[in-house]
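**Student:** the sequence and its predicted three-dimensional model are supplied below.
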Amino acid sequence: MAHRDVRERDNEPVEILLVEDDEEDYLLTKDLLSRIEGAKHNLHWVDAYNSALEAIGTGEYDVCLVDYRLGADDGIELVRELVANGLDLPVIVLTGQGDRDADNEATRAGAADYLVKGEVSPALLERAIRYAMRSHADLRALRDQEKQLRQAQKMEAIGKLAGGIAHDFNNLLTVIRGYATLLRNELQDERLKEHAMQVDNAAEHGAELTRHLLAFSRQQVLRPTPTDLNVVIENTLKLLDRSIDKNIKLVRTLEPDLPTVTIDQGQLAQVILNLAINARDAMEDGGTLVLKTATVELDASYASKHVGVTPGPHVLLQVTDSGAGMDAETQSHVFDPFFTTKEEGTGLGLATVHGIVNQSGGHIWLYSEPGMGTTFKIYLPSADTPAIATTPVEPLRSLDGSETILLVEDAEIVRAIVAEILEPHGYTILAASNGTDALAIARNRHGAIDLLLTDVVMPGMNGRELAESLTAQYPDVKVLFSSGYPVDTVVRTGIADGTIRLIEKPYLPAVLARAVRETLDEESEWHSDRLDKRQMVDTR
């Protein structure tokens with residue numbers, strides 16, 4: 001059923017459907033409406049129960065007037081049926097005589113108001129229509145906000161579940177990838193080397209799955225920088241040339257001199273790629289894909305209708321396709337993880353987009369109709385700082401060393417693979433399963449400890465507490481944190497300073513060796529009084 005989103009219609013006629021079996025009453029209502037000053041009304045009349053159902057199912061109306069008695073049929077029952085079928089239209093019940101019970105019955109059935117025909121004046125009818133329309137608009141806005149809130153709560157619950165499994169899963173993947181890489185480097189048989197590579201490839205797919213889940217749950221480690229959205233779009237479009245079919249027209253509508261946004265540039269590129277590829281899949285027979293940017297001001301009125309939006313200046317990224325579009329049921333699940341309408345796919349693309357946008361302080365909204373294409377609008381808060389260009393990481397001369405590393409990791413299998421990775425590089429490894437044992441090792445050691453490589457979340461003493469205690473004994477010790485937990489858990493431990501090094505599990509042997517060497521070569525030292533900012537360095 002079509003409806004019109006009406007709040008105030010001072011300059012447009014109000015479309016009214018009258019369900020009335022008596023032609024004289026229809027003419028009376030028509031006359032009352034014609035005598036209302038300063039307002040325009042288009043009256044549409046049907047005289048039967050079934051005709052009313054058909055009219056409401058196909059027409060667009062602002063309000064419906066229903067006679068209490070429709071010959072052999074019951075007007076109140078019609079109201080109940082309309083409400084049960086999802087009526088999104090205010091209904092006013094009309095009757096020939098005043099009756100308090102009938103008034104209550106009409107209200108319980110879902111009617112917005114109840115009028116006695118003989119007592120209705122043009123002014124009273126005008127007020128009743130306007131009141132019903134305004135009340136219904138308020139109710140619709142409240143329902144929309146409740147729906148958004150329920151969706152947000154559902155996404156939050158699923159996100160917590162996803163974050164909860166990340167730690168154990170990432171520990172296992174660290175071990176699998178580590179040993180698979182070591183085997184591949186040591187094996188001489190090409191067939192066995194290929195087998196080891198396939199194991200590593202499968203583990204990498206598992207790691208990618210975990211990253212998607214953490215992105216969806218807004219718990220991944222981000223490296224936000226002031227970013228020019230147009231530059232990232234142009235760079236990303238170069239990657240799209242191989243993915244977008246020739247029968248799809250790509251249109252850019254990019255506003256020049258955009259304000260910057262503070263976001264992880266790599267994750268922003270992932271958002272653009274996911275949306276573009278999703279749009280491509282929706283246009284099997286070709287079409288048009290439009291990427292648009294603009295500066296927008298989201299006011300208090302917009303924020304009141306969209307849960308989580310803060311009024312103020314924003315930068316808009318809009319991705320529109322001319323594809324098949326989505327029905328309401330599909331739209332209600334489109335950001336859910338593992339939901340997909342494709343024969344192949346993980347169902348994590350749009351879930352990942354949703355998580356990245358929300359974790360970056362932005363908001364994403366979907367507009368779609370079957371056969372009319374789809375539009376995703378992403379609003380990111382404007383930043384006042386100039387964009388920072390990304391710089392390539394310079395390669396290290398060597399990953400080897402002779403320093404002593406205190407390795408603290410509560411998972412035995414992870415301790416074993418870390419030692420297997422680092423000892424061939426020349427490091428001396430002192431291993432402990434918890435903070436208490438690590439401090440005991442340090443007290444009994446006569447030589448220096450150059451690096452503390454510690455898990456963040458451990459039973460008893462966590463990584464931060466251990467680092468604080470150890471640096472009291474070894475002021476010059478460097479610290480490299482490691483964690484398979486999502487970022488919100490890491491932040492709660494206090495490991496949150498912009499100068500702190502954190503390596504995320506699962507990591508490859510070369511990535512771990514590089515992170516260790518870089519941390520040891522840093523001139524700066526670790527101090528606990530730096531742990532006051534909610535930001536991290538992600539060592540990959």
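**Tutor:** Happy to help now that I have it.
**Student:** how about low-confidence regions in the stretch 351-500 of the chain?
**Tutor:** 387-397, 485-500 (pLDDT under 70).
**Student:** counting by contacts, list what the longest strand that the chain contains packs against.
**Tutor:** The residue-count maximum for a strand in the chain (DSSP state E) belongs to strand 287-298. Contact partners of strand 287-298 among helices and strands, from 3 or more C-beta pairs under 8 Å, 6 or more residues apart in numbering; DSSP states H and E: helix 229-240, strand 248-254, helix 265-282, strand 312-321, strand 374-383. Glycine gets a C-beta too; all of them are placed from N, C-alpha and C.
**Student:** export those as JSON lines, with columns for distance to residue 20.
**Tutor:** Output for the helices and strands packed on strand 287-298, formatted as JSON lines (distance: least, C-beta to C-beta, whole Å):
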{"stretch": "helix 229-240", "distance to residue 20": "56"}
{"stretch": "strand 248-254", "distance to residue 20": "50"}
{"stretch": "helix 265-282", "distance to residue 20": "45"}
{"stretch": "strand 312-321", "distance to residue 20": "44"}
{"stretch": "strand 374-383", "distance to residue 20": "41"}
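**Student:** among the ones you listed, which is nearest residue 28?
**Tutor:** strand 374-383 (46.0 Å; C-beta to C-beta).
**Student:** give me the next element, helix or strand, following the closest one.
**Tutor:** strand 404-408 (DSSP states H and E).
**Student:** quick check: domain ranges of the protein?
**Tutor:** Domain assignment for the chain, taken from automatic domain parsing, gives 14-120, 144-216, 225-383, 404-539.
**Student:** quickly, which of the ones you listed bottoms out on average pLDDT?
**Tutor:** Per-stretch mean pLDDT for these is lowest at domain 144-216 (a mean of 75).
**Student:** of all the helices and strands packed on strand 287-298, which one comes closest to residue 110?
**Tutor:** strand 374-383 (32.7 Å).
**Student:** and the residue most central in space within the chain, which of the three is it?
**Tutor:** Centroid-nearest residue in the chain: residue 354, 2.2 Å away (criterion: C-alpha atoms, centre = their mean). With DSSP: H, G, I helix; E, B strand; the rest coil as the basis, residue 354 sits in helix.
**Student:** against residue 380, how distant is the nearest residue to residue 181 once chain neighbours are set aside?
**Tutor:** Among residues not flanking residue 181 along the chain, residue 509 sits closest, at 5.0 Å (C-beta to C-beta, 6 or more residues apart in numbering). Using C-beta to C-beta, to the nearest Å, one gets 37 Å for the distance from residue 509 to residue 380.
**Student:** isn't residue 62 right up against residue 39?
**Tutor:** No. Between residue 62 and residue 39 there is no contact under C-beta atoms under 8 Å: 11.6 Å.
**Student:** what's the burial count for residue 111?
**Tutor:** For residue 111, the neighbour count with other C-beta atoms under 10 Å is 24.
**Student:** wait, residue 383
**Tutor:** There are 18 residues near residue 383, going by other C-beta under 10 Å.
**Student:** doesn't residue 226 make contact with it?
**Tutor:** Yes. Between residue 383 and residue 226 there is a contact under C-beta under 8 Å: 5.2 Å.
**Student:** what touches both of the two?
**Tutor:** 260-262 (C-beta atoms under 8 Å, 6 or more residues apart in numbering).
**Student:** among the residues you listed, who's most crowded?
**Tutor:** Most surrounded of the shared contacts of residue 383 and residue 226: other C-beta under 10 Å gives residue 261, at 26 neighbours.
**Student:** which SSE is that one in?
**Tutor:** strand 260-263.
**Student:** and the residue nearest to the centre of the chain, how far is that from residue 284?
**Tutor:** 24 Å.
**Student:** one more: residue 252?
**Tutor:** From residue 252 to residue 284 the distance is 23 Å (C-beta to C-beta).
**Student:** just residue 199 next, same as before
**Tutor:** Residue 199 is 36 Å from residue 284, by C-beta to C-beta.
**Student:** please identify which of those two sits among more neighbours.
**Tutor:** The neighbour comparison of residue 199 against residue 284 (other C-beta under 10 Å) goes to residue 199, with 17 against 11.
**Student:** straight-line length of stretch 235-249, end to end?
**Tutor:** 18 Å (C-alpha to C-alpha, to the nearest Å).
**Student:** can you check stretch 89-105 too?
**Tutor:** Stretch 89-105 end-to-end distance (C-alpha to C-alpha) = 18 Å.
**Student:** pretty sure the residue nearest to residue 181 contacts residue 421?
**Tutor:** Yes. Shown here, residue 509 and residue 421 form a contact pair, counting by C-beta under 8 Å, at 4.4 Å.
**Student:** so what sits against both of those two?
**Tutor:** 178, 182.
**Student:** for the residue lying closest to residue 177 once chain neighbours are set aside, give me phi and psi.
**Tutor:** Nearest residue to residue 177 in three dimensions, chain neighbours excluded: residue 203, at 4.6 Å (C-beta to C-beta, 6+ apart). Backbone torsions of residue 203, given as degrees, to the nearest 10, read phi -70, psi -40.
**Student:** residue 321 pairs with what?
**Tutor:** residue 289, residue 374 (DSSP bridges).
**Student:** and the longest strand of the chain with strand 374-383, angle?
**Tutor:** If you take axes from the mean of the first three to the mean of the last three C-alpha atoms, to 10 degrees, strand 287-298 sits at 40 degrees to strand 374-383.
**Student:** can you list contacts of strand 287-298?
**Tutor:** 229-230, 233, 237, 244, 247-255, 258-259, 272, 276, 279-280, 283, 309-323, 373, 379, 382.
**Student:** recalculate using a threshold of 7 Å.
**Tutor:** Here strand 287-298 makes contact (C-beta atoms under 7 Å, 6 or more residues apart in numbering) with 229-230, 233, 244, 248-255, 258-259, 276, 279, 309, 311-323, 379.
**Student:** what's the distance between it and the middle of its chain?
**Tutor:** Chain-centre distance of strand 287-298: 18 Å, with C-alpha atoms, centre = their mean, to the nearest Å.
**Student:** who are the packing partners of whichever helix or strand comes after that strand?
**Tutor:** For strand 287-298, the succeeding helix or strand toward the C-terminus, using DSSP H and E, is helix 300-305. When contacts are defined as 3 or more C-beta pairs under 7 Å, 6 or more residues apart in numbering; DSSP states H and E, helix 300-305 packs onto helix 122-186.
**Student:** residue 517 versus residue 401, what's the distance?
**Tutor:** For residue 401, the distance to residue 517 - C-beta to C-beta - is 6 Å.
**Student:** that's a strand at residue 94, yeah?
**Tutor:** Yes. The assignment for residue 94 by three-state DSSP puts it in a strand.
**Student:** count the neighbours of it for me.
**Tutor:** 24.
**Student:** with residue 235 instead?
**Tutor:** Neighbour tally, residue 235, other C-beta under 10 Å: 13.
**Student:** relative to residue 315, how far out is it?
**Tutor:** Residue 235 is 17 Å from residue 315, by C-beta to C-beta.
**Student:** same question for residue 358.
**Tutor:** On the measure of C-beta to C-beta, residue 358 and residue 315 end up 16 Å apart.
**Student:** neighbour count: those two, which is higher?
**Tutor:** Set residue 358 next to residue 315 and count neighbours by other C-beta under 10 Å: residue 315 wins out with 25 against 21.
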